[in-house]
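*Asks:* just need the structure, nothing else, for what follows:
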Amino acid sequence: MIDDPSPDPIRSLEPLFRPRSIAVIGASRTPGTIGHEIVHNLVTQGFTGSVFPVNPSATAVHGVPAYASIRDVPAPVDVAVVAVPKQAVPGVVGDCGRHGVRAVIVISAGFREVGGAGIELERALLGVVREHGMRLVGPNCLGVLSTESDIRMNATFAPVTPPPGSVSFMSQSGAMGVTMLDYAAEYGIGIRHFVSVGNKADVSGNDLIQFWNADPGTRVILMYLESFGNPRKFTRIARAATRHTPIIAVKSGRTAAGARAASSHTGALAGTDAAIDALLAQCGVLRVDTVEELFDLAMAFSQLPIPAGPSVAIVTNAGGPGIIIADACEGAGLDVAPLSAETQDRLRRDLPEEASVRNPVDMIATANADNYRLALDAVLDDPNVAAAIAAFVPPLGVRQVDVASAIVAACAGHPAKPVLAVLMGREGLPEGRADLGEAGIPAYIFPESAARALAALNRYRAWRERPAGAVARFDVDCDAASRILARAPAAPDGAYLASTDARALLAAYGIPVLRPALARTADEAAAAAREAGFPVVLKIASSDIVHKTDVGGVALDLSDEDDVRTAFDALCQSARTNAPAARTDGVTVERFIQGGREMILGMTWDPAFGPILMFGLGGIYVEAMRDVVFRVHPVTDVDAHEMVRAIRAFRLLEGVRGEPPSDLDALVDAIQRLSQLVGDYTGIREIDINPFVVFERGAIAVDARVRVEAARR
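*Replies:* Sure, this is the predicted structure:
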């Protein structure tokens, strides 16, 4: 996306979605062409405004009078759909601006997506749009659709039109847009607005989120993303929007191919996808991996209330599906709630003697529609239950449509509790799903789909209940930090600070650091060890050696001066052997830290996302274990607490098998101080604090690496 300030999206996009008139420039009389299909869709699908085909060689298109140019249209035009050869687009759009057109949808391709001259052509197009104060969708897009009853605009060349509803959907890919509209029609998911943004030269996902968040008819926003134009702006906009409107996104590119080469642990682990995951998590956006999952969630979010909690009851006529659903629910963070004694007694009265009245409720294969109605009504009355999943495998003599009607009847008395259905047989499936859909109950073919959708509803509830958090500002020694960064070595790709400077930088920001002594001879090392107190650790001192253990540059648990002298000579020899090109300054001597848990704090800089912070299990196996989490700067106090609790090893920090718990507040404090440091100074490219040892009380950085590139405050 070309970086240029845009007008208020809520006001400026109004004519795009609610136009009174549309001109199709490049309209064609030939069926199957883009220019013909757009006019066809507008006319046959009941657009409530005026349609003006523009074709210099035709007097009418699809029975509608045509005009040689937009200049010849005898009435005001709100939106122009442009489908002409790319070279003609800027001139045509200029004519639109002079005619008073308020928004243009450029279908034509051959712009930035092809590189070279296409980039300059897109810049020229955007310049024309800005000059006339218009909004631009595209270029290289499928078009825009609105099913609002008083608009009914299909300004796309898609061959299928979805049913009307409350889902607004943005796709960065035209081909994926067609596929998704087809899915929406098949699954009965009602679409309110659809926008294929193409190259996003002007109208972007950020604009659309703001518009749809303010639109009372939009209940959920779906997005298919291939790139972020402005991730930091997206963070601010999406974080505010998801407090009111759920956003579900498919972001393509979940592979290691985009990961950057980096020398630090943080840089090596923080691929582009990790940054995207962190960004979306901080914004409350629900990321899914597949189009199928996108629509599983869309069915639930567009029809159901948000559950009051994670507890779910399962009602089924077959034990296998009940077990699968229970496993899927618990695996996704839901609670298969114990039913109260009163509920179980009620179920015993209403169900066959062989039925299981515990959760999952297995009514056995002879269960009929009445059994479903009574059992669902009972579990939904239970105060321990926040939601329910009803699964049906059709036996002989029981119809899906009858069971669907029973589920609808039971749900009618519990409008605040979401119910999802799983209809596993093919016979009668379309009718049963249709009946449930009309009643606002999503129906799935597979048990895992329903569990996944309900879990997403629960995650969204937790996000809305989550405090917004605040970015802390600590009293730090900026003068000391500036002096340290000012004397950083100059290098084209950045350079590492000396070990003593890296630790001093952290100390200036209040991060507790073990301060080593530098020794250039064996005798100096022995003297430093006496002062620090035995046992001690020796590490080779070199800004050229990132991972000291890899070159035999660390000696641990040295208990006397003789051990220190021997280790000094061994470390220097090992460095000369294993890293002959590295410059060394002797060794550092520091107290040997015993006990505690080894964690890692880190930061790496991404060209699009800015600073990305990492927290996780540290030590020498950090890349092997990969038990780390990421957040995009700035990190709030709530973000920091969540980072600490998100790693798999969190239970170790809580204390296990009689061990004392770790000081979680010290970890949260250090994460926030690191966030402030990397926000205060541009040019810091990588930081590794590893290990950062946390104790029952307090924590301390034992080693640190900082790479800078012209850092300034």
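
*Asks:* burial of Ile151, as a residue count?
*Replies:* Neighbour count for Ile151, taken as other C-beta atoms under 10 Å: 18. C-beta here means a position set from N, CA and C on the backbone, and glycine is covered the same way.

*Asks:* quick one, helices of the stretch 351-500 of the chain?
*Replies:* Under the criterion DSSP state H, counting those that start in this stretch, the stretch 351-500 of the chain contains helices at 369-381, 400-412, 429-438, 447-465, 478-486, 499-508.

*Asks:* what's in contact with the last one?
*Replies:* If I follow you right, that is helix 499-508. 476-478, 480-481, 484-485, 487-488, 496-497, 513-516, 518, 539, 541, 543, 588, 677, 689, 701, 703-706 (C-beta atoms under 8 Å, 6 or more residues apart in numbering).

*Asks:* what does the shortest one give?
*Replies:* Residues outside helix 478-486 that contact it (C-beta under 8 Å, 6+ apart): 497, 501, 504-505, 508-509, 677, 680-681, 683-684, 708, 711-713.

*Asks:* got the buried residues for that helix?
*Replies:* For helix 478-486, a neighbour-count test (16 or more other C-beta atoms under 10 Å) marks Ala481, Ser482, Ile484, Leu485 as buried.

*Asks:* next SSE downstream of the helix or strand containing Val92?
*Replies:* Val92 is part of helix 89-99 when elements are defined by DSSP states H and E. Per DSSP H and E, the first helix or strand lying C-terminal to helix 89-99 is strand 103-106.

*Asks:* and that following strand, what does it pack against?
*Replies:* Helices and strands touching strand 103-106, by 3 or more C-beta pairs under 8 Å, 6 or more residues apart in numbering; DSSP states H and E, are helix 14-17, strand 79-82, helix 89-99, strand 135-137.

*Asks:* in TSV: the ones you listed, plus mean neighbour count and mean pLDDT.
*Replies:* Formatted as TSV, the helices and strands packed on strand 103-106 follow (neighbours: other C-beta atoms under 10 Å; pLDDT from 0 to 100):
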stretch	mean neighbour count	mean pLDDT
helix 14-17	21	97
strand 79-82	28	98
helix 89-99	20	98
strand 135-137	26	98
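
*Asks:* for Ala529, which of the ones you listed is the nearest?
*Replies:* With respect to Ala529, and counting by C-beta to C-beta, the nearest of the helices and strands packed on strand 103-106 is strand 135-137 at 68.8 Å.

*Asks:* can you list contacts of the closest one?
*Replies:* 6-7, 12-13, 15-16, 93, 102-106, 125-126, 129, 143-144, 195-198, 201-203.

*Asks:* can you list the strands that that strand pairs with?
*Replies:* Sheet pairing for strand 135-137, assigned by DSSP bridges, gives strand 103-106 (parallel).

*Asks:* next one: the partner strand to chain centre, how far?
*Replies:* 29 Å (C-alpha atoms, centre = their mean, to the nearest Å).

*Asks:* tell me what angle the helix or strand that comes right after it forms with helix 89-99.
*Replies:* Sequence order places helix 117-131 as the next helix or strand after strand 103-106, per DSSP H and E. Relative orientation of helix 117-131 versus helix 89-99 (axes from the mean of the first three to the mean of the last three C-alpha atoms, to 10 degrees): 0 degrees.

*Asks:* for helix 117-131, list every residue counted as buried.
*Replies:* So helix 117-131, judged by 16+ other C-beta under 10 Å, has buried residues Gly118, Leu121, Glu122, Ala124, Leu125, Leu126, Val128, Val129, Arg130.

*Asks:* for Val422, see how far away Met363 is.
*Replies:* 14 Å (C-beta to C-beta, to the nearest Å).

*Asks:* typed the wrong thing, it's Thr218
*Replies:* Here the criterion is C-beta to C-beta. By it, Thr218 lies 28 Å from Val422.

*Asks:* neighbour count: these two, which is higher?
*Replies:* Between Thr218 and Val422, counting by other C-beta under 10 Å, Val422 is the more crowded of the two (25 against 20).
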